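Engineer: structure here, sequence nowhere to be found:
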Ligand code: HMG
Ligand code: MG
(Lines give C-alpha, C1' and ligand atoms only; values in the text may rest on other atoms or scores of the structure.)
(Ligands and ions follow the chains in the order given, each with its own letter.)
Protein backbone atom coordinates (compact mmCIF):
# COMPACT_ATOMS: atom_id res chain seq x y z
CA UNK A 1 0.00 0.00 0.00
CA UNK A 2 1.71 3.21 -1.11
CA UNK A 3 0.31 6.71 -1.29
CA UNK A 4 0.37 8.53 -4.63
CA UNK A 5 3.28 10.99 -4.80
CA UNK A 6 1.07 13.62 -6.42
CA UNK A 7 -2.62 14.46 -6.03
CA UNK A 8 -4.88 16.63 -8.15
CA UNK A 9 -7.48 18.58 -6.20
CA UNK A 10 -10.61 19.54 -8.14
CA UNK A 11 -12.00 22.65 -6.47
CA UNK A 12 -15.80 22.47 -6.63
CA UNK A 13 -16.68 25.36 -4.29
CA UNK A 14 -17.91 27.83 -6.92
CA UNK A 15 -20.37 25.20 -8.20
CA UNK A 16 -21.17 22.69 -5.46
CA UNK A 17 -20.69 25.34 -2.77
CA UNK A 18 -22.61 28.25 -4.21
CA UNK A 19 -25.48 26.10 -5.60
CA UNK A 20 -26.46 25.44 -2.01
CA UNK A 21 -26.43 28.99 -0.61
CA UNK A 22 -29.83 30.46 0.16
CA UNK A 23 -28.91 33.89 -1.09
CA UNK A 24 -28.27 34.65 -4.74
CA UNK A 25 -24.65 35.74 -4.82
CA UNK A 26 -23.76 38.56 -7.21
CA UNK A 27 -21.97 37.44 -10.38
CA UNK A 28 -19.05 39.76 -9.57
CA UNK A 29 -18.41 37.96 -6.25
CA UNK A 30 -18.46 34.55 -7.97
CA UNK A 31 -16.00 35.83 -10.56
CA UNK A 32 -13.73 37.30 -7.86
CA UNK A 33 -13.82 34.00 -5.94
CA UNK A 34 -12.83 32.00 -9.02
CA UNK A 35 -10.14 34.49 -10.04
CA UNK A 36 -8.59 34.24 -6.58
CA UNK A 37 -8.77 30.42 -6.63
CA UNK A 38 -7.05 30.46 -10.03
CA UNK A 39 -3.96 31.99 -8.44
CA UNK A 40 -3.44 29.34 -5.74
CA UNK A 41 -1.87 26.61 -7.87
CA UNK A 42 -5.15 24.68 -8.30
CA UNK A 43 -5.21 22.99 -11.70
CA UNK A 44 -8.97 22.39 -12.00
CA UNK A 45 -11.95 24.44 -10.81
CA UNK A 46 -15.59 23.55 -11.40
CA UNK A 47 -16.92 27.05 -11.86
CA UNK A 48 -20.68 26.75 -12.34
CA UNK A 49 -23.40 24.52 -13.74
CA UNK A 50 -25.62 24.80 -16.78
CA UNK A 51 -28.59 23.18 -15.06
CA UNK A 52 -32.10 24.57 -15.23
CA UNK A 53 -32.40 28.00 -13.54
CA UNK A 54 -35.88 26.87 -12.40
CA UNK A 55 -34.15 24.17 -10.37
CA UNK A 56 -31.01 26.00 -9.24
CA UNK A 57 -31.57 29.77 -9.47
CA UNK A 58 -28.32 30.34 -7.56
CA UNK A 59 -26.33 29.47 -10.70
CA UNK A 60 -28.59 31.03 -13.33
CA UNK A 61 -25.76 33.44 -14.26
CA UNK A 62 -23.61 30.52 -15.49
CA UNK A 63 -22.71 32.06 -18.87
CA UNK A 64 -21.80 35.46 -17.36
CA UNK A 65 -19.63 33.77 -14.73
CA UNK A 66 -17.86 31.56 -17.25
CA UNK A 67 -17.24 34.42 -19.65
CA UNK A 68 -16.28 36.87 -16.89
CA UNK A 69 -13.50 34.89 -15.21
CA UNK A 70 -9.84 35.33 -16.09
CA UNK A 71 -8.69 32.00 -17.54
CA UNK A 72 -5.21 31.11 -16.35
CA UNK A 73 -3.19 28.99 -18.77
CA UNK A 74 -2.64 25.99 -16.51
CA UNK A 75 -6.12 25.79 -15.02
CA UNK A 76 -9.03 23.73 -16.35
CA UNK A 77 -12.38 25.49 -15.85
CA UNK A 78 -15.09 22.83 -15.99
CA UNK A 79 -18.88 23.14 -15.64
CA UNK A 80 -21.67 20.74 -14.70
CA UNK A 81 -24.16 19.86 -17.45
CA UNK A 82 -27.41 17.86 -17.00
CA UNK A 83 -28.73 17.59 -20.56
CA UNK A 84 -28.27 18.62 -24.18
CA UNK A 85 -29.89 22.01 -23.56
CA UNK A 86 -27.33 22.69 -20.83
CA UNK A 87 -24.54 21.50 -23.09
CA UNK A 88 -25.62 23.79 -25.93
CA UNK A 89 -25.66 26.75 -23.54
CA UNK A 90 -22.25 25.80 -22.18
CA UNK A 91 -20.82 25.47 -25.68
CA UNK A 92 -22.22 28.86 -26.64
CA UNK A 93 -20.50 30.34 -23.57
CA UNK A 94 -17.17 28.89 -24.76
CA UNK A 95 -16.82 26.09 -22.19
CA UNK A 96 -13.88 23.72 -22.80
CA UNK A 97 -14.60 20.92 -20.30
CA UNK A 98 -17.80 19.54 -18.79
CA UNK A 99 -18.99 17.13 -16.11
CA UNK A 100 -22.11 14.97 -16.36
CA UNK A 101 -23.88 13.31 -13.44
CA UNK A 102 -26.11 10.42 -12.55
CA UNK A 103 -26.60 8.07 -9.61
CA UNK A 104 -27.24 4.42 -8.73
CA UNK A 105 -30.31 5.55 -6.74
CA UNK A 106 -33.57 5.68 -8.75
CA UNK A 107 -35.17 7.80 -6.05
CA UNK A 108 -32.37 10.36 -6.01
CA UNK A 109 -32.40 10.50 -9.81
CA UNK A 110 -36.09 11.47 -9.75
CA UNK A 111 -35.51 14.10 -7.05
CA UNK A 112 -32.37 15.61 -8.55
CA UNK A 113 -33.01 15.31 -12.29
CA UNK A 114 -36.72 14.57 -12.60
CA UNK A 115 -36.02 11.39 -14.55
CA UNK A 116 -35.13 7.73 -14.11
CA UNK A 117 -31.52 6.53 -14.12
CA UNK A 118 -32.03 5.06 -17.61
CA UNK A 119 -33.39 8.38 -18.88
CA UNK A 120 -30.45 10.20 -17.27
CA UNK A 121 -28.06 7.92 -19.15
CA UNK A 122 -29.89 8.75 -22.39
CA UNK A 123 -29.47 12.46 -21.62
CA UNK A 124 -25.81 11.90 -20.83
CA UNK A 125 -25.37 10.01 -24.09
CA UNK A 126 -26.69 13.01 -26.07
CA UNK A 127 -24.37 15.31 -24.13
CA UNK A 128 -21.33 13.07 -24.60
CA UNK A 129 -21.96 12.67 -28.34
CA UNK A 130 -22.13 16.45 -28.75
CA UNK A 131 -19.15 17.04 -26.45
CA UNK A 132 -16.97 14.55 -28.31
CA UNK A 133 -17.89 16.16 -31.64
CA UNK A 134 -16.51 19.39 -30.17
CA UNK A 135 -13.40 17.82 -28.61
CA UNK A 136 -14.62 18.62 -25.11
CA UNK A 137 -13.42 16.26 -22.34
CA UNK A 138 -16.15 14.83 -20.11
CA UNK A 139 -15.87 14.04 -16.42
CA UNK A 140 -18.57 11.85 -14.84
CA UNK A 141 -20.10 12.05 -11.37
CA UNK A 142 -21.99 9.35 -9.53
CA UNK A 143 -23.98 10.65 -6.57
CA UNK A 144 -25.11 8.88 -3.40
CA UNK A 145 -22.54 6.10 -3.82
CA UNK A 146 -22.32 5.43 -0.07
CA UNK A 147 -25.95 6.03 0.81
CA UNK A 148 -29.05 7.85 -0.39
CA UNK A 149 -31.38 10.03 1.68
CA UNK A 150 -34.38 8.45 -0.05
CA UNK A 151 -33.27 4.86 -0.83
CA UNK A 152 -30.86 4.12 2.03
CA UNK A 153 -27.97 1.73 1.38
CA UNK A 154 -26.41 1.54 -2.07
CA UNK A 155 -24.63 -1.62 -3.22
CA UNK A 156 -21.01 -1.18 -4.41
CA UNK A 157 -21.85 -3.46 -7.37
CA UNK A 158 -24.49 -0.94 -8.57
CA UNK A 159 -21.89 1.84 -8.44
CA UNK A 160 -19.39 -0.24 -10.40
CA UNK A 161 -21.88 -1.01 -13.19
CA UNK A 162 -22.64 2.68 -13.70
CA UNK A 163 -19.02 3.83 -13.37
CA UNK A 164 -18.04 1.31 -16.03
CA UNK A 165 -20.92 2.43 -18.24
CA UNK A 166 -19.89 6.11 -18.00
CA UNK A 167 -16.29 5.23 -18.86
CA UNK A 168 -17.49 3.16 -21.84
CA UNK A 169 -19.62 6.10 -22.95
CA UNK A 170 -16.59 8.41 -22.99
CA UNK A 171 -15.99 9.94 -19.54
CA UNK A 172 -12.26 10.21 -18.82
CA UNK A 173 -12.76 9.95 -15.03
CA UNK A 174 -15.53 9.12 -12.56
CA UNK A 175 -15.91 11.12 -9.39
CA UNK A 176 -17.61 9.04 -6.69
CA UNK A 177 -19.89 11.29 -4.65
CA UNK A 178 -20.85 10.69 -1.05
CA UNK A 179 -23.53 13.32 -1.51
CA UNK A 180 -24.90 13.23 2.02
CA UNK A 181 -21.61 12.45 3.76
CA UNK A 182 -22.73 9.25 5.48
CA UNK A 183 -19.95 6.91 4.35
CA UNK A 184 -17.30 5.55 6.70
CA UNK A 185 -13.72 4.43 5.94
CA UNK A 186 -14.70 0.74 5.93
CA UNK A 187 -17.41 1.34 3.31
CA UNK A 188 -15.09 3.58 1.28
CA UNK A 189 -12.42 0.88 1.22
CA UNK A 190 -14.93 -1.79 0.14
CA UNK A 191 -16.31 0.44 -2.63
CA UNK A 192 -12.86 1.30 -3.99
CA UNK A 193 -11.64 -2.30 -3.80
CA UNK A 194 -14.76 -3.43 -5.65
CA UNK A 195 -14.43 -0.76 -8.31
CA UNK A 196 -10.73 -1.36 -8.89
CA UNK A 197 -11.52 -4.95 -9.90
CA UNK A 198 -13.30 -3.48 -12.93
CA UNK A 199 -11.66 -0.10 -13.62
CA UNK A 200 -8.15 1.34 -13.29
CA UNK A 201 -7.95 3.37 -10.08
CA UNK A 202 -6.40 6.25 -12.11
CA UNK A 203 -9.88 6.81 -13.53
CA UNK A 204 -11.47 7.26 -10.11
CA UNK A 205 -11.84 10.48 -8.12
CA UNK A 206 -13.53 10.92 -4.75
CA UNK A 207 -16.03 13.59 -3.69
CA UNK A 208 -16.92 13.57 -0.01
CA UNK A 209 -19.41 15.75 1.75
CA UNK A 210 -18.58 15.99 5.45
CA UNK A 211 -21.95 15.70 7.17
CA UNK A 212 -20.80 13.08 9.67
CA UNK A 213 -17.18 14.29 9.89
CA UNK A 214 -15.88 11.26 7.98
CA UNK A 215 -14.53 12.96 4.87
CA UNK A 216 -10.81 13.22 5.74
CA UNK A 217 -10.75 9.66 7.09
CA UNK A 218 -12.43 8.49 3.88
CA UNK A 219 -9.93 10.42 1.77
CA UNK A 220 -7.04 8.86 3.69
CA UNK A 221 -8.45 5.42 2.87
CA UNK A 222 -8.92 6.44 -0.77
CA UNK A 223 -5.27 7.54 -0.95
CA UNK A 224 -4.25 4.15 0.45
CA UNK A 225 -6.25 2.54 -2.34
CA UNK A 226 -4.31 4.60 -4.91
CA UNK A 227 -6.83 7.36 -5.65
CA UNK A 228 -5.02 10.54 -6.72
CA UNK A 229 -7.87 12.92 -7.62
CA UNK A 230 -9.85 14.53 -4.80
CA UNK A 231 -12.78 16.95 -5.04
CA UNK A 232 -13.15 19.55 -2.30
CA UNK A 233 -14.59 23.02 -1.74
CA UNK A 234 -13.05 26.17 -0.34
CA UNK A 235 -14.24 26.76 3.25
CA UNK A 236 -16.15 23.46 3.09
CA UNK A 237 -19.02 25.12 1.26
CA UNK A 238 -21.54 22.94 -0.45
CA UNK A 239 -24.41 20.56 -0.54
CA UNK A 240 -27.03 19.41 -2.96
CA UNK A 241 -30.38 21.24 -2.77
CA UNK A 242 -32.13 18.01 -3.82
CA UNK A 243 -30.43 15.71 -1.28
CA UNK A 244 -32.08 16.09 2.09
CA UNK A 245 -29.42 16.45 4.80
CA UNK A 246 -26.50 17.09 2.44
CA UNK A 247 -24.06 19.44 4.09
CA UNK A 248 -20.76 20.97 3.03
CA UNK A 249 -18.02 19.34 1.03
CA UNK A 250 -14.75 18.55 2.72
CA UNK A 251 -12.81 21.84 2.89
CA UNK A 252 -9.98 22.23 0.38
CA UNK A 253 -7.75 23.74 3.07
CA UNK A 254 -8.21 20.69 5.33
CA UNK A 255 -7.47 18.24 2.51
CA UNK A 256 -4.37 20.22 1.57
CA UNK A 257 -3.13 20.33 5.17
CA UNK A 258 -3.40 16.54 5.37
CA UNK A 259 -1.74 16.02 1.97
CA UNK A 260 1.11 18.38 2.96
CA UNK A 261 1.57 16.33 6.12
CA UNK A 262 1.79 13.17 4.03
CA UNK A 263 4.37 14.82 1.70
CA UNK A 264 2.00 14.39 -1.23
CA UNK A 265 2.56 17.11 -3.82
CA UNK A 266 -0.32 19.27 -5.05
CA UNK A 267 1.32 22.54 -6.10
CA UNK A 268 -1.28 24.49 -4.10
CA UNK A 269 -0.59 27.35 -1.67
CA UNK A 270 -2.39 26.78 1.65
CA UNK A 271 -1.96 30.37 2.86
CA UNK A 272 -3.70 31.73 -0.22
CA UNK A 273 -6.57 29.28 0.26
CA UNK A 274 -7.02 30.45 3.85
CA UNK A 275 -7.28 34.07 2.66
CA UNK A 276 -9.90 33.08 0.09
CA UNK A 277 -11.81 31.16 2.75
CA UNK A 278 -12.00 34.43 4.73
CA UNK A 279 -13.07 36.40 1.65
CA UNK A 280 -16.00 34.13 0.82
CA UNK A 281 -17.18 33.34 4.35
CA UNK A 282 -17.06 37.04 5.28
CA UNK A 283 -19.17 37.76 2.22
CA UNK A 284 -21.65 34.99 3.02
CA UNK A 285 -21.73 36.06 6.68
CA UNK A 286 -21.08 32.55 7.95
CA UNK A 287 -18.39 30.64 9.75
CA UNK A 288 -15.98 28.54 7.77
CA UNK A 289 -16.30 24.74 7.83
CA UNK A 290 -12.53 24.47 7.49
CA UNK A 291 -10.80 23.41 10.68
CA UNK A 292 -7.46 24.65 9.32
CA UNK A 293 -8.78 28.11 8.42
CA UNK A 294 -10.44 28.38 11.82
CA UNK A 295 -7.27 27.35 13.66
CA UNK A 296 -5.15 29.79 11.64
CA UNK A 297 -7.55 32.67 12.24
CA UNK A 298 -7.34 32.10 15.99
CA UNK A 299 -3.55 31.90 15.77
CA UNK A 300 -3.23 35.45 14.40
P1 LIG B 1 -37.14 19.29 -15.98
O2 LIG B 1 -37.98 20.31 -15.29
O3 LIG B 1 -37.62 17.88 -16.02
O4 LIG B 1 -36.76 19.77 -17.45
O5 LIG B 1 -35.71 19.32 -15.29
P6 LIG B 1 -37.62 19.83 -18.76
O7 LIG B 1 -36.78 19.22 -19.83
O8 LIG B 1 -39.01 19.29 -18.53
O9 LIG B 1 -37.74 21.40 -19.01
C10 LIG B 1 -38.46 22.26 -18.13
C11 LIG B 1 -37.97 23.68 -18.26
O12 LIG B 1 -36.57 23.75 -17.88
C13 LIG B 1 -38.01 24.23 -19.68
O14 LIG B 1 -38.17 25.65 -19.57
C15 LIG B 1 -36.63 23.95 -20.21
O16 LIG B 1 -36.26 24.83 -21.26
C17 LIG B 1 -35.79 24.23 -18.98
P18 LIG B 1 -39.61 26.36 -19.71
O19 LIG B 1 -40.07 25.99 -21.08
O20 LIG B 1 -40.47 25.79 -18.60
O21 LIG B 1 -39.27 27.81 -19.51
N22 LIG B 1 -34.50 23.55 -18.98
C23 LIG B 1 -33.31 24.18 -18.93
N24 LIG B 1 -33.00 25.48 -18.88
C25 LIG B 1 -31.68 25.79 -18.84
N26 LIG B 1 -30.69 24.87 -18.83
C27 LIG B 1 -30.99 23.55 -18.88
C28 LIG B 1 -32.34 23.17 -18.93
N29 LIG B 1 -32.97 21.98 -18.98
C30 LIG B 1 -34.28 22.20 -19.02
N31 LIG B 1 -29.99 22.67 -18.84
C32 LIG B 1 -33.33 19.02 -15.28
C33 LIG B 1 -34.67 18.43 -15.65
C34 LIG B 1 -32.29 17.90 -15.36
C35 LIG B 1 -32.99 20.14 -16.22
C36 LIG B 1 -33.43 19.56 -13.83
O37 LIG B 1 -33.90 18.56 -13.00
C38 LIG B 1 -32.11 20.07 -13.30
O39 LIG B 1 -31.60 21.09 -13.75
N40 LIG B 1 -31.57 19.38 -12.29
C41 LIG B 1 -30.27 19.72 -11.72
C42 LIG B 1 -30.35 19.78 -10.23
C43 LIG B 1 -29.00 20.13 -9.69
O44 LIG B 1 -28.31 20.98 -10.22
N45 LIG B 1 -28.59 19.44 -8.61
C46 LIG B 1 -27.30 19.68 -8.03
C47 LIG B 1 -26.17 19.21 -8.88
S48 LIG B 1 -25.78 17.48 -8.68
C49 LIG B 1 -24.82 17.46 -7.23
O50 LIG B 1 -24.69 18.46 -6.55
C51 LIG B 1 -24.06 16.20 -6.87
C52 LIG B 1 -22.55 16.31 -7.14
O53 LIG B 1 -21.96 17.39 -6.43
C54 LIG B 1 -21.85 15.03 -6.71
C55 LIG B 1 -22.25 14.57 -5.31
O56 LIG B 1 -22.09 15.34 -4.34
O57 LIG B 1 -22.73 13.44 -5.23
C58 LIG B 1 -22.27 16.51 -8.63
MG1 MG C 1 -21.41 17.34 -4.29
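Structural biologist: It's in. Quantities reported herein were computed from a predicted structural model and do not represent experimental measurements. Ligands and ions are numbered 1, 2, ... in the order given.
Engineer: alpha carbons only for contacts and neighbour counts from here, please
Structural biologist: Will do.
Engineer: and the helices in the stretch 51-200 of the chain?
Structural biologist: 62-68, 84-93, 106-113, 117-133, 156-169, 185-195 (DSSP state H, counting those that start in this stretch).
Engineer: which secondary structure elements does the first one contact?
Structural biologist: The criterion is 3 or more C-alpha pairs under 8 Å, 6 or more residues apart in numbering; DSSP states H and E, and the helices and strands that helix 62-68 contacts are helix 27-37, strand 44-49, helix 84-93.
Engineer: does ligand 1 have contacts with that helix?
Structural biologist: No. Helix 62-68 lies out of reach of ligand 1 by C-alpha under 6 Å from any ligand atom, never closer than 9.7 Å.
Engineer: distance between that helix and the chain's centre?
Structural biologist: Chain-centre distance of helix 62-68: 19 Å, with C-alpha atoms, centre = their mean, to the nearest Å.
Engineer: which residue does the stretch 201-300 of the chain have closest to ligand 1?
Structural biologist: residue 240 (4.4 Å; C-alpha to the nearest ligand atom).
Engineer: I figured that residue hits residue 21, correct?
Structural biologist: No. Taking C-alpha atoms under 8 Å as the definition, residue 240 is not a contact partner of residue 21, at 9.9 Å.
Engineer: which one's more surrounded, the two?
Structural biologist: Ranked by neighbour count (other C-alpha atoms under 10 Å), residue 240 and residue 21 place residue 240 first, with 23 against 16.
Engineer: endpoints of stretch 10-27, how far apart?
Structural biologist: 21 Å (C-alpha to C-alpha, to the nearest Å).
Engineer: buried ones in that stretch, by neighbour count?
Structural biologist: Within stretch 10-27, the residues scored as buried using 16 or more other C-alpha atoms under 10 Å are 10-21, 25, 27.
Engineer: what residues does stretch 73-89 touch?
Structural biologist: 15, 38, 42-52, 63, 71, 90, 95-101, 113, 123-124, 126-127, 130-131 (C-alpha atoms under 8 Å, 6 or more residues apart in numbering).
Engineer: could you rerun that using 7 Å?
Structural biologist: Stretch 73-89 has contacts (C-alpha atoms under 7 Å, 6 or more residues apart in numbering) with 38, 42-51, 96-101, 123-124, 126-127.
Engineer: re the thing from before, distance to residue 233 for the helices of the stretch 51-200 of the chain - can I get that in CSV?
Structural biologist: As requested, the helices of the stretch 51-200 of the chain are exported to CSV (distance: least, C-alpha to C-alpha, whole Å):
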stretch, distance to residue 233
helix 62-68, 18
helix 84-93, 22
helix 106-113, 20
helix 117-133, 25
helix 156-169, 23
helix 185-195, 20
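Engineer: right, and residue 112 touches residue 244 too?
Structural biologist: No. Counting by C-alpha atoms under 7 Å, residue 112 does not reach residue 244; the two are 10.7 Å apart.
Engineer: ligand 1 contacts on the stretch 151-300 of the chain?
Structural biologist: 177, 178, 179, 240.
Engineer: counting neighbours, which of the residues you listed comes out on top?
Structural biologist: Top of those by neighbour count (other C-alpha under 10 Å): residue 179, with 30 neighbours.
Engineer: how near is the spatially closest residue to that one that is not a sequence neighbour to ligand 1?
Structural biologist: Spatial nearest neighbour of residue 179, excluding adjacent residues (C-alpha to C-alpha, 6 or more residues apart in numbering): residue 144 at 5.1 Å. The gap separating residue 144 from ligand 1 is 5 Å, by C-alpha to the nearest ligand atom, to the nearest Å.
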